[in-house]
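K.L.:
Predicted model follows, preceded by the sequence.
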Protein chains: 2
Amino acid sequence: MTYAVAFRLERGLVFAADTRTNAGVDNIAQYKKLQLWRQPGDRVFVLLSAGNLAATQAVVSLINEHLSQETDEEVTTLFTAPNMYRAARVVGDAVREARSIDGAALEASKLGFNTNFIFGGQIKGERPRLFQIYPEGNFIEATDDTPFFQIGEHKYGKPILDRVARSDMRLGQAAKLMLLSFDSTLRSNLSVGMPIDIVIYERDTFDVTREKRISADDEYFRNLSNAWSDALRQAFAKIEEFDV
Amino acid sequence: MTYAVAFRLERGLVFAADTRTNAGVDNIAQYKKLQLWRQPGDRVFVLLSAGNLAATQAVVSLINEHLSQETDEEVTTLFTAPNMYRAARVVGDAVREARSIDGAALEASKLGFNTNFIFGGQIKGERPRLFQIYPEGNFIEATDDTPFFQIGEHKYGKPILDRVARSDMRLGQAAKLMLLSFDSTLRSNLSVGMPIDIVIYERDTFDVTREKRISADDEYFRNLSNAWSDALRQAFAKIEEFDV
């Protein structure tokens, strides 16, 4: 399983994904589920993935293959897409291509082609945009009403997002909120594991300079986790007991 | 969907269940998912149900049918079970009986026989005990290590339980905690709906006097929900922002 979440804010985008993969509880491993592409000064893309690791890796490989192919054909790639909508279609097309390769075999063994993506970034001339891409290759875009997307094991960490998330948050506030959402998920589900990869993209910078891998012994994360636990316990103690 | 949760504490048992059922989002209704049986002075049982409503109602009907049948056969019922383990087997047997009646037809239409129960109570001579009964009719029992069970849409409301639940809590504290867990679930999932039925059973009383249906305009619940939201926002604001 996986937990990944991304915010689309007025000030930019924030992405975070865990790194645990598992095939059964007795076969766990660590993989980066956050991919970054950039042409500094012109465009930046981040892709978060959840689901079957073979399928998500195939999608990334296909995207990269198209990027590196020198061809006279006019094939749109991440680096030639004129806007984020077309860039999201490039990812969606790669999902469909991977499905056409592996889908039948996966469905024959009842696994199914099950992979979800969050894709965001900014291309010069547009504001930053954020998409959730389905296993079918189609996608939805985040708006001010719902400024975040989650994929994978999303339920444990959703209540705190539902309460606090706003599209006018500062980027550091949103990153803090995402890490709290991770903290709740990590406590309740073993299939989501540290470290967490986090990327903060500041609007109109067209480059990524704020990127970090947060490990279990990260001081900020440990303090945040402890402070949150203490605050919740104190808040709980202050509320009147139920009586009937 | 459903959300139901129960605690097994040193001081007794606390049960809560929502009342929303739905067959698709365009067909919702209200049903009580908390059943109570008692022989004051001797035994008390509470059953919470989640899953296919026809199946859970069939199980309850079968339990009641056995209770009302006058027979010379030595059939164990809830009122003749010598201990809670045997009472849980009575419920498990009713689950298997319902499955033998409806299971094949449900599986033929790909719905499956999908119903989960939490069953708890106290029989004179034992301490209060709490079980989670699976669709297969087998069950597990709560211990001090994990003093609660959840069924139905359990993920949204689990982080707060994981952080705060302890088997030495007061009953009113546990009820408060369960209602906070409901509050998080109600905000994030439309298929769980008010009112909430709650039963507090005090150890060794062998009767239930503390029982309430909590509606959306219940003053205690509204205050709890608001106080919790405020406390979370304040706690969030106090934690240092993430920076990298």
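P.N.:
Arrived safely.
K.L.:
Give me the local confidence score for residue A:108.
P.N.:
pLDDT recorded at residue A:108 is 86.
K.L.:
any idea how far it lies from chain B?
P.N.:
Distance, residue A:108 to chain B, using CB to the nearest CB, to the nearest Å: 18 Å. All C-beta atoms are positioned from the backbone trio N, CA, C, and that covers glycine.
K.L.:
what's the offset of the longest helix anywhere in chain A from the middle of its chain?
P.N.:
Looking across chain A with DSSP state H, the single longest helix is helix A:84-108. Distance of helix A:84-108 from the chain centroid (CA atoms, centre = their mean, to the nearest Å) equals 18 Å.
K.L.:
Next secondary structure after it?
P.N.:
Note on helix A:84-108: by DSSP states H and E, the next helix or strand toward the C-terminus is strand A:115-123.
K.L.:
Can you tell me the strand partners of that following strand and which way each runs?
P.N.:
Strand A:115-123 has the following sheet partners, assigned by DSSP bridges: strand A:43-51 (antiparallel), strand A:129-133 (antiparallel).
K.L.:
Any buried residues in the longest helix of chain A, and which?
P.N.:
Across helix A:84-108, burial judged by 16 or more other CB atoms under 10 Å in any protein chain shown covers A:84, A:87-99, A:102, A:106.
K.L.:
circling back to that earlier point, let's have the strands paired with strand A:115-123 in JSON lines, adding mean neighbour count.
P.N.:
Output for the strands paired with strand A:115-123, formatted as JSON lines (neighbours: other CB atoms under 10 Å in any protein chain shown):
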{"stretch": "strand A:43-51", "mean neighbour count": "25"}
{"stretch": "strand A:129-133", "mean neighbour count": "24"}
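K.L.:
how about those strands in JSON lines, adding mean pLDDT?
P.N.:
Shown next, in JSON lines, are the strands paired with strand A:115-123 (pLDDT from 0 to 100):
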{"stretch": "strand A:43-51", "mean pLDDT": "96"}
{"stretch": "strand A:129-133", "mean pLDDT": "98"}
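K.L.:
Quick check: residue A:92 vs chain B, distance?
P.N.:
Residue A:92 is 27 Å from chain B, by CB to the nearest CB.
K.L.:
okay but that residue is in contact with residue A:132, surely?
P.N.:
No - counting by CB atoms under 8 Å, residue A:92 does not reach residue A:132; the two are 10.9 Å apart.
K.L.:
Between these two, which contacts overlap?
P.N.:
Contact criterion CB atoms under 8 Å, 6 or more residues apart in numbering or on different chains; residues shared by residue A:92 and residue A:132: residue A:139.
K.L.:
ok, residue A:54 - contacts?
P.N.:
Residues near residue A:54 by CB under 8 Å, 6+ apart: residue A:102.
K.L.:
Kindly apply the preceding question to residue A:84 instead.
P.N.:
Taking CB under 8 Å, 6+ apart, we find residue A:84 in contact with A:120, A:121, A:122, A:123, A:126, A:128, A:129, A:131.
K.L.:
Mind jotting down where the strands sit in chain A?
P.N.:
For chain A, strands defined by DSSP state E occupy the ranges A:3-9, A:12-17, A:20-22, A:28-30, A:34-39, A:43-51, A:115-123, A:129-133, A:139-141, A:148-152, A:196-202, A:210-214.
K.L.:
So which of these is nearest residue B:189?
P.N.:
In terms of CB to CB, the element of the strands of chain A nearest to residue B:189 is strand A:148-152, at 13.7 Å.
K.L.:
and the closest one, anywhere near chain B?
P.N.:
No - judged by CB under 8 Å from any CB of the partner chain, strand A:148-152 stays clear of chain B, getting no closer than 10.9 Å.
K.L.:
List the neighbouring strands of that strand plus their orientation.
P.N.:
Strand pairing for strand A:148-152, determined by DSSP bridges: strand A:3-9 (antiparallel).
K.L.:
Quick one: buried ones out of the contacts of residue A:84?
P.N.:
Taking 16+ other CB under 10 Å as the criterion, what is buried in the contacts of residue A:84 is A:120, A:121, A:122, A:123, A:128, A:129, A:131.
K.L.:
Next, format the strands paired with strand A:115-123 as a markdown table and append distance to residue B:5.
P.N.:
What follows is those, written out as a markdown table (distance: least, CB to CB, whole Å):
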| stretch | distance to residue B:5 |
| --- | --- |
| strand A:43-51 | 28 |
| strand A:129-133 | 31 |
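K.L.:
Please name whichever of those strands is nearest to residue B:136.
P.N.:
Smallest distance to residue B:136 across the strands paired with strand A:115-123 (CB to CB): 28.8 Å, for strand A:43-51.
K.L.:
tilt between the closest one and strand A:34-39?
P.N.:
Interaxial angle, strand A:43-51 versus strand A:34-39 (axes from the mean of the first three to the mean of the last three CA atoms, to 10 degrees): 160 degrees.
K.L.:
In PDB, list the C-alpha atoms belonging to strand A:43-51.
P.N.:
Output of strand A:43-51 as PDB, limited to C-alpha atoms (Å, rounded to 0.1, in the frame of the first residue of the first chain):
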ATOM      1  CA  ARG A  43       8.400  23.900 -16.400                       C
ATOM      2  CA  VAL A  44       8.300  21.600 -13.400                       C
ATOM      3  CA  PHE A  45       6.400  18.300 -12.900                       C
ATOM      4  CA  VAL A  46       5.900  16.000 -10.000                       C
ATOM      5  CA  LEU A  47       4.200  12.600 -10.100                       C
ATOM      6  CA  LEU A  48       3.100  10.600  -7.100                       C
ATOM      7  CA  SER A  49       2.100   7.000  -7.600                       C
ATOM      8  CA  ALA A  50       0.100   4.400  -5.700                       C
ATOM      9  CA  GLY A  51      -0.900   0.800  -6.500                       C
END
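K.L.:
how far is that strand from where the chain is centred?
P.N.:
Remark: strand A:43-51 is offset 6 Å from the chain centroid, using CA atoms, centre = their mean.
K.L.:
Select, out of the strands of chain A, the one closest to residue B:156.
P.N.:
Taking CB to CB, strand A:148-152 is the member of the strands of chain A nearest to residue B:156, at 12.2 Å.
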